[in-house]
Structures are given as structure tokens and as C-alpha cells.
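Q: Sequence first, predicted model second:
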Amino acid sequence: MQVKETKKKRKLIEKEGGEKIMDAKVKQFMEGVIKRNPGESEFHQAVQEVAESVMPFIDANPKYKKAKILERIAEPERVIMFRVPWKTDKGEVEVNRGFRIEMNSAIGPYKGGLRFHPTVYLGILKFLAFEQVFKNSLTTLPMGGGKGGSDFDPKGKSDNEVMSFCQSFMTELSRHIGPDTDVPAGDIGVGGREIGFMFGQYKRIRNEFTGILTGKGLNWGGSLIRPEATGYGCVYFVEAMLNHLGDSLNGKVCTVSGAGNVAQYTVEKVNQLGGKCVTLSDSGGYIYDKDGIDANKLAFVMKLKNIKRGRIKEYADKYGCKYVANKRPWDVKCDVAFPSATQNEINKEDAKALVKNGCIAIGEGANMPTTPDGVEVFQKAKICYGPGKAANAGGVATSGLEMSQNSLRLSWSREEVDKRLHNIMLDIHAQCVKYGTSGEHVDYVKGANIGGFVKVADSMLDQGIV
């Protein structure tokens, strides 16, 4: 008995010693990243999360260490920054800043959205581009990682002002993109209107009709299911996590943040699978409808947000439900949570509240919506936590399918695209299970990071030091 206890203690000491050595390696690596990228906190956060998962794997596979693969992945292949002058309806000249981060092209042309929002700066776009590398790899489609955008705010602007900005933005961006080089898409602040204006300007400048943007209108090369894809895909991923435990979304109460594209179609797919969504939010606050947001109520939200561009409070006024100003919905009791608004919207206290209230699964529809200490709470509680790079990969996956249709000059049916999307999300889940399983528990963060890393890393080794 005493011998067994001694062996157990020795193994524990060895494990703790190994963890301390690894922590020191991660710390040393991050010191270099922070020194090279000062003031870019979101980028530091994204890189650290990946480094903590991947560095033990790299240690066990020295070929990646020798070629400094992680150091190379954390450094963009190209950073493009440019001036965007445009005119208001009053004839006044405004100047914004445009960006494109071409992060990694080891497995295909750069692919990732464009974000138009006042908070956009280099650090946020580098974080998003870095995440995109792993996300695109997980889809199994041949797409590298990139991201771009501007500090321009389309809110409150007329169609003519948005068009003036988009045309100026694309005049410069057109020099750097192409169907076999870099294929941007939409993101926050960039919907069908903005994609249309930019595509038209590209066509005017280059005199060619080619698939250089995804998220296009159905009349001119767009794909069915693309608007729905991120929300649908996130729900498919959560359903796969629950199925892995012998459970499903049927009968589950779900909280959703945001009220835009991702949130809307998350609600729609949850309804189709038998769940009930009870919250939506925007920057002003959240609504709580205990009866659930059914198809008719969702149609009202879509009109409110997509056409009227109104505030979610109007939903509470119309349906007589609870509205909470200046808060997010994470204190509402639920079985499943879908953070679908923006980065770092769930902090440690929010995560504790979710766990305490019986939440069993998280599906991140937004990019990095949970802070590191919030993620730690979910992982310690061993609930199903689907990180954004896996759970919200449905959007870029369907963008990849749109690229394929453009190349083939074909248009697949709604059912065909949805089936392909569903299968891709199941494949992503399978990769997470393969690389993240320890005993009976699946660490989806570890699984997604290593699963995304391997394909990119092996491709980089094959292509040499480039």
C-alpha cells in the first residue's frame, strides 16, 4: 500500500514539474510575441490560448519545434494598411483607415472577413486572422487565413455614404486580392449591401467578373445558406457535442447574445431542432422572453435589425417581455448558451453564473467571446465548451463552398449546401474529439487548436522555409 502511495506521489510531482516547465516555455514564447506586437491585447490573448494547447504537442513532435512552426504561424505573411478617403452626403471629406492581414496561405488562398466598426485596429484584426488560420484548417477546405476591415462605422450612414466609402476602400484593396490569392467576406458591419458595393467597384476597376468576395447576392454568384451558415453551423456543432454525450438540443432552453445575422439563424436552427431560445441582445441591453422566440417573433427581429436597423428594446415593447438595459443575458437560467455578439462578452463572473444556473454546453457563435478566466471556469466544470474557431466555422466553410461554386460556374440547391455544411461541422467535431479526448472528457479547446494546427504545420513543412 505504501509503495503504491509513493509511486502515486512521484507521478504527481513529475506531472506538476512538467507543467511548470511547459508554463515557463509558454511564458517565454509569449514574451517574444508581446515584444514584437506591443499593445495588441486581443492578439496576445488568441496566441496564448493556442500556445498553451499546442506547445506540449510540439514538444512531443520535434519536427515542428525545429522548423519554428508556431513562431511562423504567429507572424503574418503580410500586413496591408491604407488610407480610405470618402465623401458624406454634405460633400465633406472623411478619412478612415483600411487593413488587410494576410496571415497564412499554407493550405490555400487567404480567406476571412472584412469588419467595419469603430473599434477596428491592427490588434483586433491580427487576432481574428490568427484564429481564422485554425478555423479554416478545421473545415478541411483548402483555405488559408486572413482578415481585414476599417474603423469606418456604417451605422447612421446613408446608402450613398456607405457606397462612397466601400468604393474607396475597394479601390485600394483590389490591388491585393484575387480568386487564387485572397478572398474576403463579410463580418461585423459588412453585409450584403457592403459586399455588393465592393464587388461592383472591383469589377469596374479590373474588368472581370470573378469570385473575389463571398457573401454575394444570389443573383450574381452568391450561395444559398451563406447568411444562415454561421448560426446553423454553431447549432450543428453543439448538437454534435450533446450527441457525443447521448443527449440533444430537443427541449433545451437556450440563451443567445447578439441580434444580428449569427444570432438570428442560431435561433432559427435551435427552433428546428426542438430547443427554445429565450434571449437576444444588442449594445443597449437584452430581452428575456420566457415563452421563447418562435418563428413569428424571429421574423419581427429580422425586420427590426436587417431593414429598420432598430434596437432590440422594441421587441420587448411589442411582446411585453422583460428588457434589461446595459447588461448581457448570462445570468438567465439556461441549458445551453450561444454567445453570438462580439469578443470577450463572457467574463469569469458570467461564466460562473452560467455554470451555477445549470448550463451544460456553450457554442461560441462569435470570435473569442469568452475571456481566458471564463474559459477556465467552463473547463474546470467540464461542461461542453465549443470554442469559436470550431463552433462558428460554418460561416467560412460555406464561404468556401461559395468559392467552389464560383469556380465551377454552378449553383447548388439549398438542401445540398446545408447537407455539406452539416457534414463539415460533424468533421470538425470529430477532429476535436480525436485530438482533445482525455479519458471520458473532451477538451474542445485543445482538440480544435491541435486539429487546426496539424494540417497547417505539415503543409508549411512540405513547402520549406517560406
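A: Happy to help now that I have it. Here the structure is a predicted model, which is why all the values come from computation and not from measurement.

Q: Going by C-alpha atoms from here, please, whenever you check contacts or count neighbours.
A: Fine.

Q: ok, now how distant is the residue nearest to Tyr121 when sequence neighbours are not counted from Leu421?
A: Taking CA to CA, 6 or more residues apart in numbering, and ignoring the residues beside it in sequence, Tyr121 has Asp151 as its nearest neighbour in space, at 6.9 Å. Asp151 sits 31 Å away from Leu421, going by CA to CA, to the nearest Å.

Q: more neighbours, the two?
A: Under the criterion of other CA atoms under 10 Å, the comparison of Asp151 against Leu421 puts Leu421 first, with 26 against 18.

Q: OK, contacts around the more buried one?
A: When contacts are counted by CA atoms under 8 Å, 6 or more residues apart in numbering, Leu421 is found next to Ala229, Gly233, Gly394, Ala397, Thr398.

Q: Name the residues of the helix or strand it falls within that come out as buried.
A: Taking DSSP states H and E as the definition, Leu421 sits inside helix 414-436. Within helix 414-436, the residues that qualify as buried are 417-418, 421-422, 424-436, counting by 16 or more other CA atoms under 10 Å.

Q: Give me the longest strand you can find in the chain.
A: Longest strand in the chain, counting residues (DSSP state E): strand 93-104.

Q: Tell me which residues of that one come out buried.
A: In terms of neighbour count (16+ other CA under 10 Å), strand 93-104 has its buried residues at Asn96, Arg97, Gly98, Phe99, Arg100, Ile101, Glu102, Met103, Asn104.

Q: thought the last one was touching Arg72?
A: Right, Asn104. No: taking contact to mean CA atoms under 8 Å, the distance of 9.0 Å between Asn104 and Arg72 leaves them out of contact.

Q: Can you give me the neighbour number for the nearest residue to His176 once chain neighbours are set aside?
A: The spatial neighbour of His176 that comes closest, neighbours along the chain excluded (CA to CA, 6+ apart), is Asp182 at 7.4 Å. Counted with other CA under 10 Å, the neighbours of Asp182 add up to 25.

Q: ok, now Gly233?
A: Neighbour count for Gly233, taken as other CA under 10 Å: 32.

Q: which residues touch it?
A: For Gly233, the contact set (CA under 8 Å, 6+ apart) comprises Ala391, Asn392, Ala393, Gly394, Gly395, Leu421, His422, Met425.

Q: so what's the residue nearest to Tyr121 up against?
A: Asn96, Arg97, Gly98, Phe116, His117, Pro118, Thr119, Val120, Tyr121.

Q: Any regions of the protein where pLDDT drops low?
A: Within the chain, the stretches falling below the threshold (pLDDT under 70) are 1-18.

Q: Show me it divided up by domain.
A: Domain assignment of the chain by automatic domain parsing yields the ranges 2-73, 78-209, 229-386.

Q: Using PDB, list the CA coordinates for stretch 142-161.
A: Only the C-alpha atoms of stretch 142-161 are listed here, as PDB (Å, rounded to 0.1, in the frame of the first residue of the first chain):
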ATOM      1  CA  PRO A 142      -8.300  24.500 -49.000                       C
ATOM      2  CA  MET A 143      -8.300  27.900 -47.400                       C
ATOM      3  CA  GLY A 144      -5.600  30.000 -45.700                       C
ATOM      4  CA  GLY A 145      -6.300  32.600 -43.000                       C
ATOM      5  CA  GLY A 146      -6.800  36.300 -43.300                       C
ATOM      6  CA  LYS A 147      -8.900  39.200 -42.000                       C
ATOM      7  CA  GLY A 148      -9.400  42.900 -42.800                       C
ATOM      8  CA  GLY A 149     -11.600  45.900 -42.400                       C
ATOM      9  CA  SER A 150     -11.700  49.500 -41.300                       C
ATOM     10  CA  ASP A 151     -12.600  51.800 -38.400                       C
ATOM     11  CA  PHE A 152     -15.500  53.100 -40.500                       C
ATOM     12  CA  ASP A 153     -18.900  52.900 -38.800                       C
ATOM     13  CA  PRO A 154     -21.700  52.200 -41.300                       C
ATOM     14  CA  LYS A 155     -24.400  52.800 -38.600                       C
ATOM     15  CA  GLY A 156     -26.300  56.000 -39.200                       C
ATOM     16  CA  LYS A 157     -24.800  56.400 -42.700                       C
ATOM     17  CA  SER A 158     -26.900  56.700 -45.900                       C
ATOM     18  CA  ASP A 159     -26.600  54.200 -48.700                       C
ATOM     19  CA  ASN A 160     -24.800  56.700 -50.800                       C
ATOM     20  CA  GLU A 161     -22.300  57.400 -48.000                       C
END
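
Q: wait, is Phe169 part of a helix?
A: Yes: residue state for Phe169 (DSSP: H, G, I helix; E, B strand; the rest coil) corresponds to a helix.

Q: Now the spatially most central residue of the chain. Nearest residue, chain neighbours left out?
A: Most central residue of the chain, judged by C-alpha distance to the mean C-alpha position with CA atoms, centre = their mean, is Asn367 at 3.6 Å. Excluding its sequence neighbours, the residue lying closest to Asn367 (CA to CA, 6+ apart) is Gly388, at 5.2 Å.

Q: What count of nearby residues applies to that neighbour?
A: Counted by other CA under 10 Å, the residues lying close to Gly388 total 26.

Q: what do you get for Asp458?
A: Here the neighbour count serves as a burial measure; for Asp458 (other CA under 10 Å) it reads 15.

Q: how near is Val445 to Arg72?
A: 21 Å.

Q: brain fart, Phe197
A: For Phe197 relative to Arg72 (CA to CA), the value is 35 Å.

Q: And the helices in the stretch 101-250 of the chain?
A: Applying DSSP state H, counting those that start in this stretch to the stretch 101-250 of the chain gives helices spanning 122-138, 159-173, 192-206, 229-244.

Q: picking up where we left off before, so can I have TSV of the contacts of Gly233 showing distance to Leu354?
A: As requested, these are exported to TSV (distance: CA to CA, whole Å):
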residue	distance to Leu354
Ala391	18
Asn392	20
Ala393	24
Gly394	25
Gly395	26
Leu421	29
His422	27
Met425	25
